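**Student:** take this sequence and fold it.
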Amino acid sequence: MEPSTRRPATLRRVTSALGQPTATLPYGGMPAYQHLRTVLDDANDRCRPEVRGRFLVLTHRGPDPDALGACEGLRRLLTEGFGFEVTVATLGQIHRAENLAMVRHLELDLVDYESVDPKDFAGILLADSQPEFGHTVVPEEGELLAVFDHHVPPQTEEGEARVVPHSDVRLNQGATCSIVYEYLREAKVELDPKTAGALFCGVRYDTADLSRNSGPLDEEAYYQTFQKADRGIIAQINHPPLPRHYYVELARGLSLARQHGPLILCLMGKVDNPETVAEMADFFLRMRGCSWVLAGGAYGEDYILSLRTDFAFGKAYPLMRRVLDGSGSFGGHGHIAGGRIVLQDSKESTIRSIERELRAGALQVIGAESEDGIPQEGRLLTE
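**Tutor:** Now for the predicted structure:
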C-alpha cells in the first residue's frame with residue numbers, strides 16, 4: 001500500500017457530534033492527529049525506500065484490553081486514515097481469560113515481537129505505555145516516533161523522560177483507548193465493528209464500565225464504540241469460560257489473604273498465572289470494610305504486584321511508590337497500580353523475603369507496628 005502524501009491543511013477548532021470539545025492543541029496550534037500525521041510523514045520521507053510506508057505498533061509486555069484496543073485503534077488510524085501499512089507486535093504471553101477471548105473473538109492480528117526486525121519499518125509507535133517502564137521493550141534499532149498513554153510517567157535515574165517527536169500522555173484519562181478513539185474521530189475515520197469492539201473493551205475494563213478514573217472523553221468513547229461493536233462478541237468476551245486452575249488459585253488467594261484494618265494483603269508466593277495477582281486485587285477490593293488491596297505473586301523471573309484503592313482512600317500510584325520504597329518498577333493511574341520486582345532467584349526463601357518487605361511497607365502506610373521487627377501477619381478472612 002502506497003502511503004498518502006497529503007500534508008496538514010488549514011486548521012480550525014471543531015466540536016464533536018456529542019458536543020465534546022476536541023483535543024487541546026499543544027503541538028504548535030496543530031490538532032493532535034495532524035501533528036502525528038506530520039511526524040509519520042517526515043519519518044517516511046527519511047527512511048529507506050524498501051521500508052517506506054510501514055510502521056510498527058508496540059505496547060507493554062503481556063498486553064491487557066486497553067493496550068490491545070489502543071493498538072487496534074492505531075492500526076485503523078494509520079491504515080484507513082493515513083494510508084500506511086501497520087504491524088502490531090506483542091511481547092509476553094496473554095493469560096487472563098477475558099484478554100484471550102478478546103484476541104480470539106475479535107480475531108486480532110498480532111505478531112510475536114521476537115519475530116520482528118525493527119529495521120523493516122519506517123518507525124515505531126508505542127501504545128498504553130512509555131519507554132521508561134520496566135515492563136516495556138522498545139528496540140534501539142528503530143526510531144520511536146509516537147507514544148500514547150495515560151499512566152503517570154515513570155521516574156528515571158536521569159530525571160528526564162525520553163524525547164519522542166509525538167507524545168500524548170494524559171494523566172486524567174481513564175483509558176488509552178479513549179485517546180486513540182479521539183484521533184480516529186477527529187481524523188474522520190469510520191469505526192468498523194472489529195476496531196470498535198477492541199476500543200470498547202479497552203475503555204470498559206480500564207474504567208470498570210466508567211465507574212473509576214473516567215471523564216467526558218471516556219464516556220463518549222465508551223458509548224460510541226459500543227454502538228458500533230458486535231454486541232454478541234462483547235458478551236462472549238465479558239463472560240469467557242474459565243479454566244480449572246482459576247478456581248484453584250482463587251482458593252489459594254482466599255486462604256492466604258490477611259486483613260489489617262482497611263488493608264487486605266494477598267501475597268501468594270509462586271503463582272501459575274500472573275493475571276491471578278490482578279484478579280485477586282480486584283476481587284478483594286469489593287469486600288465490605290476494605291479500602292485498599294495489595295496482591296502479589298512470583299511468576300517466572302519477576303514478583304508481580306497489583307494495588308487497588310477505593311474512591312475514598314486515595315490514588316494507587318503514590319501508595320505503590322511508598323510500599324516499594326525504591327524497589328522494582330511500577331506504574332499506575334487513578335485507583336489502579338501495578339509493579340514488578342526482578343527476582344534474584346526462584347528460591348522460596350527469596351520470595352518470602354520479598355513478601356516480608358512488602359508487608360512491612362504496606363503496614364507502615366497504615367501506621368501498623370511490627371513486633372520485634374517482624375511485620376504482623378494480620379487476620380485471616382475466616383476469623
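
**Student:** so residue 38 makes contact with residue 28?
**Tutor:** No - at 9.8 Å, residue 38 does not count as touching residue 28 under the criterion of CB atoms under 8 Å. (Glycine included, C-beta is placed from N, CA and C.)

**Student:** who's more crowded, these two?
**Tutor:** Each of residue 38 and residue 28 has its neighbours counted (other CB atoms under 10 Å); residue 38 has more, 17 against 7.

**Student:** gap between that one and residue 31?
**Tutor:** To residue 31, residue 38 is 11 Å away according to CB to CB, to the nearest Å.

**Student:** and for residue 382?
**Tutor:** Residue 382 is 57 Å from residue 31, by CB to CB.

**Student:** same thing with residue 319?
**Tutor:** Counting by CB to CB, the separation of residue 319 from residue 31 is 36 Å.

**Student:** which helices and strands sit right next to the worst-scoring helix or strand of the chain on mean pLDDT?
**Tutor:** Lowest by mean pLDDT, DSSP states H and E among the helices and strands of the chain is strand 329-333, with a mean of 82. When contacts are defined as 3 or more CB pairs under 8 Å, 6 or more residues apart in numbering; DSSP states H and E, strand 329-333 packs onto helix 316-324, strand 336-342.

**Student:** and residue 188, how many residues sit next to it?
**Tutor:** Residue 188: 8 neighbours (other CB under 10 Å).

**Student:** please look at residue 379 and residue 263 and confirm they touch.
**Tutor:** No - taking CB under 8 Å as the definition, residue 379 is not a contact partner of residue 263, at 10.8 Å.

**Student:** name the residue in the two with the higher neighbour count.
**Tutor:** Per other CB under 10 Å, whichever of residue 379 and residue 263 has more neighbours is residue 263, with 21 against 12.

**Student:** where does this structure dip in pLDDT?
**Tutor:** Within the chain, the ranges that satisfy pLDDT under 70 run 1-25, 155-161, 369-375.

**Student:** quick one, strands of the stretch 101-250 of the chain?
**Tutor:** 111-112, 123-127, 144-149, 166-169 (DSSP state E, counting those that start in this stretch).

**Student:** between those, which one is closest to residue 257.
**Tutor:** Nearest to residue 257 among those is strand 144-149; the distance by CB to CB comes to 31.4 Å.

**Student:** just checking, what packs against that closest one?
**Tutor:** Using 3+ CB pairs under 8 Å, 6+ apart, the elements in contact with strand 144-149 are helix 32-46, strand 123-127, strand 166-169, helix 176-186.

**Student:** return the distance of the last one from the chain's centre.
**Tutor:** This means helix 176-186. Put simply, helix 176-186 sits 15 Å off its chain's centre (CA atoms, centre = their mean, to the nearest Å).

**Student:** would you mind writing the CA trace of it as PDB?
**Tutor:** Provided in PDB are the C-alpha atoms of helix 176-186 (Å, rounded to 0.1, in the frame of the first residue of the first chain):
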ATOM      1  CA  THR A 176      -5.500   5.000  26.300                       C
ATOM      2  CA  CYS A 177      -8.300   3.600  24.000                       C
ATOM      3  CA  SER A 178     -10.200   6.800  24.700                       C
ATOM      4  CA  ILE A 179      -7.200   8.900  23.400                       C
ATOM      5  CA  VAL A 180      -6.900   6.800  20.300                       C
ATOM      6  CA  TYR A 181     -10.700   7.000  19.700                       C
ATOM      7  CA  GLU A 182     -10.400  10.800  19.700                       C
ATOM      8  CA  TYR A 183      -7.700  10.600  17.000                       C
ATOM      9  CA  LEU A 184     -10.000   8.400  14.900                       C
ATOM     10  CA  ARG A 185     -12.900  10.700  15.500                       C
ATOM     11  CA  GLU A 186     -11.000  13.900  14.500                       C
END
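
**Student:** now do the buried residues in stretch 376-383.
**Tutor:** 378, 381 (16 or more other CB atoms under 10 Å).

**Student:** contacting residues around that stretch?
**Tutor:** Here stretch 376-383 makes contact (CB atoms under 8 Å, 6 or more residues apart in numbering) with 254, 257, 258, 259, 260, 265, 287, 363, 368, 369, 370.

**Student:** span of it from start to end?
**Tutor:** 16 Å (CA to CA, to the nearest Å).

**Student:** picking up where we left off before, nearest to residue 201, out of the helices and strands packed on strand 144-149?
**Tutor:** Once those are compared by CB to CB, helix 176-186 is nearest, at 7.9 Å.

**Student:** name the residues of that closest one that are buried.
**Tutor:** So helix 176-186, judged by 16+ other CB under 10 Å, has buried residues 176, 177, 178, 179, 180, 181, 182, 183, 184, 185, 186.
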